[in-house]
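Enquirer: Generate a structure from the sequence data that follows.
(chains A and B)
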Number of protein chains: 2
Amino acid sequence: MADNKKQVEAITSMEEDFAQWYTDVVKKAELVDYTSVKGCMVFKPAGYAIWELIQKQLDARFKETGVENVYLPMFIPESLLEKEKDHVEGFAPEVAWVTQGGLQPLSEKMCVRPTSETLFCDFYKNDVHSYRDLPKVYNQWCSVVRWEKETRPFLRSREFLWQEGHTIHATAEEAEERTVQMLNLYADFCEQVLAIPVVKGQKTEKEKFAGAEATYTIEALMHDGKALQSGTSHNFGDGFAKAFDITFADKDNTLKHPFQTSWGMTTRLIGAIIMVHGDNDGLVLPPLVAPTQICIIPIQQKKEGVLDKAYELRDMLKKNFRVKVDDTDKTPGFKFAEAEMRGYPIRIEIGPKDIEAGKCVICRRDTREKIEVNLDALETEVPAILEKIQKEMLERARTHRDAHTYTAATKEEFKNAFNTKAGFVKAMWCGCRECEDAIKEELSVTSRCIPFEQETIADTCVWCGKPAKKMLYWGRAY
Amino acid sequence: MADNKKQVEAITSMEEDFAQWYTDVVKKAELVDYTSVKGCMVFKPAGYAIWELIQKQLDARFKETGVENVYLPMFIPESLLEKEKDHVEGFAPEVAWVTQGGLQPLSEKMCVRPTSETLFCDFYKNDVHSYRDLPKVYNQWCSVVRWEKETRPFLRSREFLWQEGHTIHATAEEAEERTVQMLNLYADFCEQVLAIPVVKGQKTEKEKFAGAEATYTIEALMHDGKALQSGTSHNFGDGFAKAFDITFADKDNTLKHPFQTSWGMTTRLIGAIIMVHGDNDGLVLPPLVAPTQICIIPIQQKKEGVLDKAYELRDMLKKNFRVKVDDTDKTPGFKFAEAEMRGYPIRIEIGPKDIEAGKCVICRRDTREKIEVNLDALETEVPAILEKIQKEMLERARTHRDAHTYTAATKEEFKNAFNTKAGFVKAMWCGCRECEDAIKEELSVTSRCIPFEQETIADTCVWCGKPAKKMLYWGRAY
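Expert: Down below sits the predicted model:
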């Protein structure tokens, strides 16, 4: 392996500098590029193709639950954004404002959507009149803009791609049910498709979404022990409906305010894939979101029959898998290293001796395990190996996450955990904003969530010592 | 039919007022809604689902030709937009400008992309160094903004959805080949998927894209005899490469400027579908882009076994088709009219007597033909009927287009054609901008294209009488 590495530009090791390792991987695996537009990035084909696979599979799961896709404008007039007080306070400081259209100044400035609750409310106000019109379970795939100061590819950029679901219901119960349903859908998607285990829970009042009654979240742990908020689902109650004066005639013929939810996942998931699964040779992609699942690398490709055999295998496999042949004139060693950098789950090596023996070598990207496979058995072996990779990647990520999840019963244990370790720390909390603020101030860590699965670690708050109300997950977050 | 119509709000007839008919259809088929954001619209589920089907099938055709998807930022700094002179002159008057990010004014204003040639150039400048990096055949699906004064749903709005392909090549020949290849792909897509016949040709100098050396176009004829530019493909030569200083080291080790193309189709295609196929009962959707292909309407649905049978048929058909059951408590007559308004290609009627006789009635939306089908044969009859509808819709549209395509050899014939008829007029042209300007001024018609399939209608220009160089298609356009 060492020989191969010399042939591609090396990346910084994670242990040396995780942030630089991340930047190296996104660049050298050709996922993104920087642009002249500060804080915005280019999704290159290898990066965008991951997003397409996420979209396709997530969208199919949405539609199974009755979600319909729509598309609303990208601009929000200032007066609309201002209608819900908490919401505008949360978002106004970080929006981009359009003040001129064509050669004329606009009579009212508009922001580029940072999120579309206000637009959906404006739309629902005209579209919902009776209980017969409810529920509406809509989603849109689009880009949004938040004027961030510090940006990092996928994790935080001024423009990013996402989906935002916006639903409206006749009853509070139904809205709550949808909020939780989508959080569970997100969690299953992360685990089953991205091979990323998550903690499900509720955000504290301090950390919840601007304008929400309750925000639910899934939190993942990256390889460096930092947390990444990976998807959120909000229950707005009837707050937005009241602010926007949305009403419907219920079955009992009285006018009522409906109840709303929203939920979103973004291209930051690609950052999560990189930081959960990647290693010092580059990207490691879960098979279900790998744009290339199998890379066939011919050995001694100039010998007669080698390339033909490689193409034959590709044509056989491409019916069911995303497969390519690296038939460039680079050396096999260079091709191996490049295939590793790009995170292809399986590499198939085939040379003249293999062909003679009627076999080939499959090399797993995640474990480096080499498996000799008879060419006759390839069509059945490949799916089995891909499934195994997908499953074991989740297991490894879960083992890593669990090994880096600590408990702290006392303030000393809590401080000690964050001063000496990197990971989640579970600890009890009195429920006061003051403790949350003080912990953030002193340790630079934030409450990640009040997990749905509660445990009793102690009877008292880890910070103030008063009686504890909830167990929280704490962490340093991206 | 008359009875049913009373039960849904009638739409204006096309003959009475085509523009109002169009507006009624887009609203009553629930394709779009207007918003508080002037000139922007909401794509409702039934409208957006058509776009999703267009995207899916067009994207698959792109990928077969080696196209890779990417995503570039939505903002263009003013200095980038200004680099290519013709381009900025064409677009600057109709862009939206962002002047403030967060609470601060921007040091350089940025426009929301009206099209992304400049951003792709900026990207290629960093990404292309050697002939080994060429060609790059990229595309993005996104929304763009053009600050139009007059807007109409799908046809012209301040924000619209589209795809924009941007390619870069080592030779002028290869760029030209790709430009024509994509135009042909667009034409095939319109005919085979949207059932819309098109005329392929080149735009005149006057009508070509800002910054292009040559613009190719496909032009379709709407039911009212007006033309709709439905897709364009541009060859930029090395003009943008020179303006942006993009160079590559060629095989001969000299630095050269590469050659570029771009090509796009938009949500205006949905407007074309409405105006080519629709009738006085509403939308008529080609099966390949119909979000619901089959609507099963139970008759006497309260009788035992009727709804069960309807669901059974749905479950059988849903493996291969997009199908739903209208099990609402509306009357069958109302449901028929609604299914017609929404343009479902096939309606299946099934009641107690049908079930007893082991049959059902299929009603084609396009011809109103009713076909009795044995339930045993449904699975094979449905695909055959859908295929027939798709094919015949194209044939009917072609017949209409051909019947409304006129030829004019003299100025008198030309004027007379536009004064008494609505449609394409084919006529000879001397090649001068002056004639083109004068014709537009006097008759309010524009040159649609110089068709690839040339004919000789006369030896002299239809306007000035000088020797003719080309045959042109002329028309009133959306």
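
Enquirer: List the residues that contact A:A477.
Expert: A:226-229, A:446, A:448 (C-beta atoms under 8 Å, 6 or more residues apart in numbering or on different chains). For glycine as for every other residue, the C-beta is placed from the backbone atoms N, C-alpha and C.

Enquirer: Who does it form a beta bridge with?
Expert: Counting by DSSP bridges, A:A477 forms beta bridges with A:A227.

Enquirer: how far away is it from A:D188?
Expert: A:A477 sits at a distance of 22 Å from A:D188 (criterion: C-beta to C-beta, to the nearest Å).

Enquirer: all strands for the stretch 51-200 of chain A, in order.
Expert: A:68-69, A:75-77, A:96-101, A:104-112, A:136-145, A:159-169, A:199-202 (DSSP state E, counting those that start in this stretch).

Enquirer: Could you check the helix or strand following the last one and say which residues are buried?
Expert: Of the helices and strands lying after strand A:199-202 in sequence (DSSP states H and E), the nearest is strand A:214-221. Of the residues in strand A:214-221, those with enough neighbours to count as buried (16 or more other C-beta atoms under 10 Å in any protein chain shown) are A:214-221.

Enquirer: Kindly report the same for stretch A:330-350.
Expert: Here stretch A:330-350 shows A:332-350 as buried, counting by 16+ other C-beta under 10 Å.

Enquirer: same question, stretch A:302-322
Expert: Applying 16+ other C-beta under 10 Å to stretch A:302-322 flags A:306-307, A:309-310, A:313-314, A:317, A:321-322 as buried.

Enquirer: In helices, which of the buried residues of stretch A:330-350 fall?
Expert: When DSSP state H is applied, the buried residues of stretch A:330-350 are split such that A:332-341 fall in helices.

Enquirer: which among those gets closest to A:I50?
Expert: A:M341 (14.6 Å; C-beta to C-beta).

Enquirer: quick one: contacts for the closest one?
Expert: A:8, A:11, A:25, A:28-29, A:281-283.

Enquirer: cool, and A:V306?
Expert: A:298-300, A:350-352, A:355.

Enquirer: Pick out whichever of these sits closest to A:L386.
Expert: A:I350 (17.9 Å).

Enquirer: Surely A:V382 is within a strand?
Expert: No - going by DSSP: H, G, I helix; E, B strand; the rest coil, the assignment for A:V382 is helix, not a strand.

Enquirer: Can you report how many residues lie near it?
Expert: Number of residues near A:V382 (other C-beta atoms under 10 Å in any protein chain shown) recorded here: 23.

Enquirer: Now do the one helix or strand A:V361 maps to: which elements does it pack against?
Expert: Using DSSP H and E, A:V361 maps to strand A:359-364. If contacts are counted by 3 or more C-beta pairs under 8 Å, 6 or more residues apart in numbering or on different chains; DSSP states H and E, strand A:359-364 sits against strand A:346-350, strand A:370-374, helix A:378-403.

Enquirer: State the next helix or strand along the chain beyond the first one.
Expert: What that stands for is strand A:346-350. Following strand A:346-350 in sequence, per DSSP H and E, is helix A:352-357.

Enquirer: Now do the contacts for the nearest residue to A:C121 once chain neighbours are set aside.
Expert: Ranked by C-beta to C-beta, 6 or more residues apart in numbering or on different chains and with sequence neighbours excluded, the top spatial neighbour of A:C121 is A:F244, at 3.9 Å. With contacts defined as C-beta under 8 Å, 6+ apart, A:F244 is in contact with A:83-84, A:118, A:121-122, A:124-125.

Enquirer: neighbours around A:E177, how many?
Expert: By other C-beta under 10 Å, neighbour count at A:E177 equals 14.

Enquirer: Quick check: pLDDT value at it.
Expert: We note a pLDDT of 98 for A:E177 in this prediction.

Enquirer: same thing with A:A210?
Expert: Value for A:A210, per-residue pLDDT: 89.

Enquirer: Now do the contacts for A:I355.
Expert: Applying C-beta under 8 Å, 6+ apart, the residues near A:I355 are A:305-306, A:309.

Enquirer: Show me the residues you listed that map onto helices.
Expert: Those of the contacts of A:I355 lying in helices (DSSP H): A:306, A:309.

Enquirer: Turn the contacts of A:I355 into CSV, including pLDDT.
Expert: Formatted as CSV, the contacts of A:I355 follow (pLDDT from 0 to 100):
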residue, pLDDT
A:G305, 95
A:V306, 97
A:K309, 97
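
Enquirer: Please identify the most buried of the strands of the stretch 51-200 of chain A.
Expert: Compared across the strands of the stretch 51-200 of chain A, strand A:75-77 shows the largest average neighbour count, a mean of 24 (mean count of other C-beta atoms under 10 Å in any protein chain shown).

Enquirer: ok so, going back, distance of the residue nearest to A:C121 relative to chain B?
Expert: According to C-beta to the nearest C-beta, to the nearest Å, A:F244 stands 11 Å off from chain B.

Enquirer: Go ahead and confirm A:G211 touches A:G90.
Expert: Yes - using C-beta atoms under 8 Å, A:G211 and A:G90 qualify as a contacting pair, with a distance of 6.9 Å.

Enquirer: So A:H166 sits against A:Y138, correct?
Expert: Yes - counting by C-beta under 8 Å, A:Y138 is a contact partner of A:H166 at 5.5 Å.

Enquirer: shared neighbours of the two, which are they?
Expert: Joint contacts of A:H166 and A:Y138 (C-beta under 8 Å, 6+ apart) are A:F120.

Enquirer: before we move on, back to that, neighbour count for A:G211 and A:G90, which is higher?
Expert: Neighbour count, other C-beta under 10 Å: between A:G211 and A:G90, A:G211 has more, with 25 against 17.

Enquirer: Helix, strand or coil: sort out the residue nearest the centre of chain A for me.
Expert: Closest to where the C-alpha atoms of chain A average out (C-alpha atoms, centre = their mean) is A:L269, at 2.0 Å. Secondary structure, three-state DSSP: A:L269 is helix.

Enquirer: That one touches A:Q55, doesn't it?
Expert: No - taking contacts as C-beta under 8 Å, A:L269 lies outside contact range of A:Q55: 10.5 Å.
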